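1. Quick one: sequence and predicted model below, then my questions.
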Amino acid sequence: MILGIESTAHTLGMGIVHRGKVLSNIGDTYKPRNEGIVPRKAADHHAEKFARILDANLRKAGIQMRDVDAIAYSEGPGLGACLKVGLVGAKYLALKYGKRMVGVNHPFAHIKIAEGIAGIRKPLILYVSGGNTQLLVEHKGKFRILGETLDMGAGNLFDSFGRGIGMEYAHGAELAKLAEGGKYVPLPYVVKGMNLSFSGLLTQAAKEARKHGKRDAAYSLFETSFAMLCEVTERALFLTRKKGVIVCGGVAQNRRLQGMLRSMCREDGVEFGVAPDEYNRDNGAMIAYAGELIMKKGMKAPEKCTVDQGYRIDQLRLH
Ligand code: FE2
């Protein structure tokens with residue numbers, strides 16, 4: 001029985017997993033108003049909600065702390081202040097109840113739960129969230145990055161654009177609603193080799209919002225960035241000859257992106273998989289799920305556990 005604790009950014013999530021089965025997955029997200037995520041404010045939110053979220057998960061799973069075998073926590077990458085709240089909470093529980101801990105790389109957790117739910121073995125992985133945008137393959141327990149963003153994550157692109165046009169709660173899902181029914185205006189399409197760059201697109205989309213209106217600019221921002229993602233994914237598909245593609249991470253919830261990838265995979269004769277939204281947004285169940293997969297190799301005494309803000313998946317190290 002694994003308790004997972006996620007706290008890399010705006011969400012404090014917890015989940016309980018037993019032999020790959022999710023028994024609970026309850027969290028709470030800090031929603032900044034008229035600003036980006038201020039790490040200190042998000043960390044305060046996590047500390048404030050910690051006990052209540054833990055309680056809700058134990059109740060949902062129908063267990064008590066003494067039934068938990070180990071505690072998995074997000075080791076990174078993420079915002080230092082937020083990561084530390086998760087770590088300290090996990091350590092407190094581990095020391096109080098005599099549990100061991102396992103640190104989990106956040107992208108690894110997104111990927112593993114998506115793979116598990118989609119049931120696609122050894123897929124090509126498109127991981128796309130606020131802070132990350134990467135195209136990956138796993139080979140013998142190591143991840144190789146075939147392409148990635150050279151500046152911001154796709155989610156960050158949408159949030160920054162949303163703030164720029166004056167949205168109070170600038171979030172991709174809100175922006176997607178605004179974009180509905182928009183008309184396409186050409187925007188910079190920047191694919192460099194297998195990598196992507198979004199900063200020029202952000203600047204130009206903000207200009208177009210003033211010229212053509214917010215709706216058309218938002219619509220075009222999604223269409224252009226998603227087309228860029230599809231191009232590199234398709235090229236990696238031909239290079240690797242993988243039989244399936246999964247998309248995971250916060251931006252993977254976007255139905256337009258799912259639809260574009262699904263039709264691309266259909267045309268190319270490969271499988272396509274995506275997990276339900278609750279496992280693509282930041283959540284605790286994925287940390288518990290991934291923790292269970294690596295607990296034999298990664299288990300540590302609480303005193304030895306740390307966080308790493310810049311923990312890239314290609315450095316994945318299972319102590
Ligand atoms: Fe995430």
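-> Yes, it's here. Only a predicted model underlies this, so the values are computations on that prediction, with no experimental measurement involved.

2. so for the longest helix along the chain, what's the average pLDDT?
-> Secondary structure of the chain read by DSSP state H shows that its longest helix is helix 214-240. Per-residue pLDDT over helix 214-240 has a mean of 98.

3. and that helix, how far out from the chain's middle?
-> Using Cα atoms, centre = their mean, to the nearest Å, the mean C-alpha position of helix 214-240 is found 18 Å from that of the whole chain.

4. same question, stretch 304-315
-> Centroid separation for stretch 304-315 versus its chain: 15 Å, with Cα atoms, centre = their mean.

5. what's it in contact with?
-> For stretch 304-315, the external contacting residues (Cβ atoms under 8 Å, 6 or more residues apart in numbering) are 73-80, 83-84, 86-87, 90-91, 101, 103, 105-108, 111, 134, 136, 142-145. For glycine as for every other residue, the C-beta is placed from the backbone atoms N, C-alpha and C.

6. Recalculate using a threshold of 7 Å.
-> Stretch 304-315 is contacted by residues 75-78, 80, 83-84, 87, 91, 101, 103, 105, 107-108, 136, 143-145 when judged by Cβ atoms under 7 Å, 6 or more residues apart in numbering.

7. Run through the neighbouring helices and strands of the longest helix of the chain.
-> strand 124-128, strand 133-139, strand 142-148, helix 154-164, helix 172-179, strand 191-192, helix 199-212, helix 255-268 (3 or more Cβ pairs under 7 Å, 6 or more residues apart in numbering; DSSP states H and E).

8. quick revisit: identify those among the contacts of stretch 304-315 that sit within strands.
-> Counting by DSSP state E, those place 75-76, 101, 103, 105, 136, 143-145 in strands.

9. buried subset of these?
-> Burial by neighbour count, 16 or more other Cβ atoms under 10 Å: within the ones in strands among the contacts of stretch 304-315 this picks out 75-76, 101, 103, 105, 136, 143, 145.

10. Let me have the residues you listed in TSV, extended by pLDDT and distance to the ion.
-> Shown next, in TSV, are those (pLDDT from 0 to 100; distance: Cβ to the ion, whole Å):
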residue	pLDDT	distance to the ion
Glu75	97	13
Gly76	96	11
Met101	97	20
Gly103	96	16
Asn105	96	11
Leu136	97	14
Phe143	95	15
Ile145	96	16
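
11. Please identify which two of those residues are farthest apart in space.
-> Maximum pairwise distance among these (Cβ to Cβ): 27.3 Å, between Met101 and Ile145.

12. Check the secondary structure at the residue lying closest to Asn34 once chain neighbours are set aside for me.
-> Excluding the flanking residues, the one nearest Asn34 by Cβ to Cβ, 6 or more residues apart in numbering is Glu168, at 5.7 Å. Secondary structure, DSSP: H, G, I helix; E, B strand; the rest coil: Glu168 is coil.

13. confidence score at Glu168?
-> Glu168 carries a pLDDT score of 89 in this model.

14. Repeat that for His171.
-> 88.

15. If you count contacts, what does the lowest-mean-pLDDT helix or strand in the chain end up packed against?
-> Least confident helix or strand of the chain, by mean pLDDT, DSSP states H and E, is strand 299-300 with a mean of 90. Where contact means 3+ Cβ pairs under 7 Å, 6+ apart, strand 299-300 is packed against strand 100-105.

16. got the angle for the strand it packs on vs strand 142-148?
-> 30 degrees (axes from the mean of the first three to the mean of the last three Cα atoms, to 10 degrees).

17. Give me every residue in the protein lying close to the ion.
-> 129, 282 (Cβ under 5 Å from the ion).

18. burial count for Arg40?
-> When neighbours are counted by other Cβ atoms under 10 Å, Arg40 registers 11.

19. same thing with Lys122?
-> Neighbours of Lys122 using other Cβ under 10 Å come to 13.

20. State whether it is indeed within a strand.
-> No: assessed with three-state DSSP, Lys122 is coil; it does not lie in a strand.

21. Give the full set of residues in contact with it.
-> By Cβ under 7 Å, 6+ apart, the residues touching Lys122 are 138, 242.

22. any idea how far it is from Ser160?
-> Distance, Lys122 to Ser160, by Cβ to Cβ, to the nearest Å: 34 Å.

23. picking up where we left off before, who wins for proximity to Leu239 among the helices and strands packed on helix 214-240?
-> strand 142-148 (7.3 Å).

24. which other residues reach the helix or strand where Arg59 lies?
-> Counting by DSSP states H and E, the element that carries Arg59 is helix 39-61. With Cβ under 7 Å, 6+ apart as the test, helix 39-61 has contacts from 7, 9-10, 12, 14-16, 23-24, 26-28, 30, 64-65, 79-82, 85-86, 89.

25. same question, stretch 216-227
-> Contact with stretch 216-227 is made by 154, 157, 161, 175-176, 178-179, 182-185, 187, 189, 198, 201, 205, 208-209, 256-257, 260, as judged by Cβ under 7 Å, 6+ apart.
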